[in-house]
Each structure stands twice: as C-alpha cells, then as structure tokens.
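> Fold the following.
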Amino acid sequence: MKICMMTNTYLPHVGGVARSISTFAEEYRKMKHKVLVVAPEFEGPPLSKRAAAMVERVSAIQNFNGSDFSVRLPLAVGLSNRIDGFKADIIHAHHPFLLGDTALRVAANKNVPVVFTHHTRYEDYTHYVPFDSPTLKEIAINLSTEFANLCDGVIAPSESIAKLIRKRGVKAPIAIVPTGVDVCGFARGNGTRFRRKFRIPANAFVVGHCGRLAPEKNLGYLARATARLLKNDPAARFLVVGGGPSGEEMKKICADEGVADQLILAGKHMGRSLHDAYRAMDVFAFASFSETQGMVLAEAMAAGLPAVALNASGVREVVRDGKNGFLLPARTPEAKFARQLARLKAEPALREKFACAAGATAEEFSRERCARLAVNFYEKIRRKTRRRRLMTEMNPWGSFLDRLDVEWNLLVQKTQSVIAALNASDTAAKAS
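Presented below is the predicted three-dimensional model:
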C-alpha cells in the first residue's frame, strides 16, 4: 500500500504528534508499505538520509507566535508533482487545518480515501493564537469535529478521545489506534550511563518526567508537587526530559522552594539517549490534562517505571490505579501527589510490583501491534469507499465534482464552526 501522511508538525520537532507519525512511518516501511510524509520545514538537526528520503517539506513560518510550531505557507508546484508521482492509495491527515485542508483536496483530486487522526484536543492549544478566548476554543472544537466528518475514517488514539469526539458529533467510522512505542528499546535502556552523564548519584531516588515543556502540560503543579518530596530528601532528584517555554517556570518554582540544585533539565533526547533517560528514573510523574494518548506514559511503562498521574483523557488508558502506579483524581492537592511519590520511594517492594505490571501494560502499546491496527483500518476504509471511487472514475466529471464538493464543504465547515461558536458565546453571555 502507498500511504501519504500530511502533518503540520514533524521531526526534528520534538512532540507527541511528530513522534507518532515517525513511529508509524517506520513500522509501515518494515511492513513493506511505501510512505510519503508531507510536512512543513522545521529548524533543528537534519534527519538521517533514510528518514529524510520519505519526507517532502513545504515552506513554513518558523516559531509561530513564539511557540515551537511551524505554520506552512501555500504549497509549491513541485509538491503536487511529487504527490502525482507517488500515487497514494490512502491519504492520512494528522491535523484538521492547513495541511489537513490540503489532504482533503489531494484525496478528492486523486480519488482516494482520507483518514484523520484526532491527535489533539485543540481547544487546549488556543493560547498559541492571538486573541485566545472561550469563543476561539469553541471554534477549535467545531472545526476539528466538522473536519472529521469530511473524512472517510477517523483514528482516535484512546478510548477517552473516541467517546469525546462521538459526543461532539463525529459520525465518520472511528478506530482506536494508540501510537506504538519501542517496547524492547525502552526496556534495554542504560540508566547508569545517563545518570553518569548528568552526574546523578547512583543511589539517588529519581522522579522523572518527559515531554514538551509547555503551558498546557500543567507543569507548574508537577514542579510544586515534586518539590515537596525533594525538600524532604536532599538526595532525591527531579529529572525532566524535553524542552519548551515552561522549563523556566519549573526552574523558578524549584528555586523558590530551595531545591533548584535537585532539578535536572536534561533537554531533548531521542533514540538510545531517550531510552537511557527513562531507565535513569525510579518513578514517572505526570499531571497533564491535555493528552489524547499518554504516549510518554506508555514509554515509561516499557522502561519498567511505575507512574503517579492525574486522571485525564489518554492517561487512564495507561495508568491502572494500584496495579502499575497511582491514578489520582483530577483535583488532587499537590501535597497528596507528593505523598504518593514518597510512598513509592519508601516501598521498594511496591515499586517492583508496579514495575512488573508496567511491562505487561507496555506490550499493549507495542509499535508493531499499533501499526497493524492502523493498516487494518486503512484497508477497511478502502473497501468501504471502493464503490464510490469506482463511480467517480466512471463519470468523466466525477473528479471535478469531488473537488468542487470538497471546496464547498471546507467553506461551509469553517463558516458553521464560527457561527456555532458565536451563538454559544452569545447564549452564555445572556445566561450570565
């Protein structure tokens, strides 16, 4: 099968969506499928020749509105030529706007089905856009819902997200396909090597966290909760892997609490170094409410780490309370979160019990299994749309009418999303 994936973010950007697409692309190639990833340009270290060969870059504005995201510019003629030559069997959109719109247009032009992965709760990211407001959040929800209904199929990374988007009105067929993780790679990581590199004592208890350090990740809460543990144990460390603007906030919180020298901001890591980083930790701490899938939690489980996390979408599918970690209510006070970290520190036997269960949980998220689930869904959607595609091919006007229909639907989608959000805002204002 020839799979064309279109995304607004890709490596070397470090984030859940970029890593998800990269993981699936690699597994598809192992399964002998052909892959083309269409993504914006992004500043950072170059990809390997093998990885770069399957990527087509489009011009983009870097660091949009102070974030670490790129916003693509209009497509070049050369891009259309490469897509023409690729002859995709399926188009996979990873965002409901920008290159998402392009995915629908290309799918109509090539008469192939389009699948959309609902990676993100977009309303949690409107702070990256000027004039953030409740109305803008409503528009983000409506846009992603209506876009999903313009696609032939939708992938939800977790059961929580599948339920959420069905409730919001997604009618397209939905498959639950998590992003897979390299279970063997994380299990083989060398924590001793990573500790040595960052001068972490071999006997120190290490609370770990990994991910993009951004406002929507609730990192202020996590830093304050972990600082409580650090104050009671000067030998303990807080190892944070990743990069982003919230790193400064975490540094300030730890400094204010008098534990600045126990915080280790290790920066971004990939591949073997990332595997080593997880294995350098004793417990994984997570407090985000904006996840569609707790991919870093699955990675932590693969590394044999028990977790302490707040109950949220994408998290509850990975952390099983009392089995592989502690899943705490969303409004848990920081002091209680810290007590659960302290309990795992004080009870090595409980840590070991959770670690064994974590390994079993990780197998459910192996990259091989998840890639098979995705390909099976592609094949299901291709079968489901076969009759429609044949009729389009038989009609000399079919492709033109499909393209016209896509343009009309995109216009209607955006107009209705804005109107619905403004109406909801007006109703809320009158009620108050």
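> R193 touches D276, doesn't it?
Yes. Using CB atoms under 8 Å, R193 is in contact with D276, at 5.4 Å. Where C-beta positions appear, they are placed from N, C-alpha and C, glycine not excepted.
> Identify each buried residue in the helix or strand harbouring G220, please.
Assigned by DSSP states H and E, G220 belongs to helix 219-232. For helix 219-232, burial by neighbour count (16 or more other CB atoms under 10 Å) applies to 219-230.
> Serialize these to CSV and add fields for pLDDT and distance to K353.
Converted to CSV, those look like this (pLDDT from 0 to 100; distance: CB to CB, whole Å):
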residue, pLDDT, distance to K353
L219, 98, 28
G220, 98, 31
Y221, 98, 27
L222, 98, 24
A223, 98, 28
R224, 98, 28
A225, 98, 23
T226, 98, 22
A227, 98, 27
R228, 98, 24
L229, 98, 20
L230, 98, 25
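> R193 and D276: who's more crowded?
Ranked by neighbour count (other CB atoms under 10 Å), R193 and D276 place D276 first, with 22 against 14.
> Can you give me the pLDDT of that one?
Here the pLDDT value assigned to D276 is 98.
> ok, it - contacts?
189-191, 193-194, 269 (CB atoms under 8 Å, 6 or more residues apart in numbering).
> run the last query once more with 7 Å
189-191, 193-194 (CB atoms under 7 Å, 6 or more residues apart in numbering).
> Same question for V375.
With CB under 7 Å, 6+ apart, V375 has these contacts: M31.
> Please state the mean pLDDT value computed over the helix or strand containing it.
Remark: V375 resides in helix 367-394, with elements defined by DSSP H and E. For helix 367-394, the mean pLDDT works out to 90.
> list the buried ones in it?
367, 370-371, 374-375, 377-378, 380-382, 385, 389, 392.
> Which single one of these is nearest to Q262?
The closest of the buried residues of helix 367-394 to Q262 turns out to be R367 (CB to CB; 33.9 Å).
> Can you verify my assumption that the closest one contacts P178?
No. The criterion here is CB atoms under 7 Å, and R367 misses it with P178 at 9.8 Å.
> Who are the contact partners of the spatially closest residue to A172 that is not a sequence neighbour?
Distances taken as CB to CB, 6 or more residues apart in numbering put V154 closest to A172, at 4.9 Å, once the chain neighbours are dropped. Going by CB under 7 Å, 6+ apart, V154 touches 116, 118, 148, 170, 172, 174.
> what does the helix or strand A335 falls within contact?
According to DSSP H and E, A335 maps onto helix 334-346. Contacts with helix 334-346, where a contact means CB under 7 Å, 6+ apart, come from 205, 207, 221, 224-226, 228-229, 283, 285, 306, 308, 326, 328, 350-351.
> Show me what the next helix or strand after it is packed against.
Downstream of helix 334-346, the next assigned helix or strand under DSSP H and E is helix 348-363. Packing contacts for helix 348-363, counted by 3 or more CB pairs under 7 Å, 6 or more residues apart in numbering; DSSP states H and E, involve helix 295-302.
> how far does the helix it packs on sit from the chain's center?
Averaging C-alpha positions (CA atoms, centre = their mean, to the nearest Å) puts helix 295-302 13 Å from its chain's average.
> so who does the closest residue in space to G258 that isn't next to it in sequence touch?
With CB to CB, 6+ apart as the criterion, G258 has its nearest non-adjacent residue at 6.7 Å, and that residue is K231. By CB under 7 Å, 6+ apart, the contact list for K231 reads 257-259.
> again, only using 10 Å
Applying CB atoms under 10 Å, 6 or more residues apart in numbering, we find K231 in contact with 254, 257-259, 262, 338.
> And Q293, what's its pLDDT?
What the model reports for Q293 is a pLDDT of 87.
> ok, the closest residue in space to it that isn't next to it in sequence - how many residues close by?
Using CB to CB, 6+ apart and skipping the chain neighbours, the partner closest in space to Q293 is P157 (3.4 Å). The number of residues packed near P157 is 27, by other CB under 10 Å.
> Was I right to think P157 contacts S20?
Yes. P157 sits in contact with S20 when judged by CB atoms under 10 Å, with a separation of 7.7 Å.
> what sits against the residue nearest to E363 when sequence neighbours are not counted?
Computed as CB to CB, 6+ apart, the closest residue to E363 that is not its neighbour in sequence is V183, at 6.3 Å. Counting by CB under 10 Å, 6+ apart, V183 touches 298-299, 301-303, 359, 362-369.
> Also A312?
Residues counted as contacts of A312 (CB under 10 Å, 6+ apart) are 121, 160, 218, 286-291, 294, 319, 327, 330.
> For it, which three-state class applies?
Three-state assignment for A312 (DSSP: H, G, I helix; E, B strand; the rest coil): coil.
> how about it, phi and psi?
The phi and psi values for A312, taken as degrees, to the nearest 10, are phi -160, psi 170.
> just the one 4 residues further on next, same as before
Main-chain dihedrals, R316, degrees, to the nearest 10: phi -70, psi -20.
> quick one on the thing from earlier: quickly list what's touching both of P157 and S20.
Counting by CB under 10 Å, 6+ apart, the residues touching both P157 and S20 are 117, 119, 178-179, 292-293, 295, 370.
> give me phi/psi at the residue nearest to A172?
Dihedral angles for V154 - degrees, to the nearest 10 - are phi -130, psi 130.
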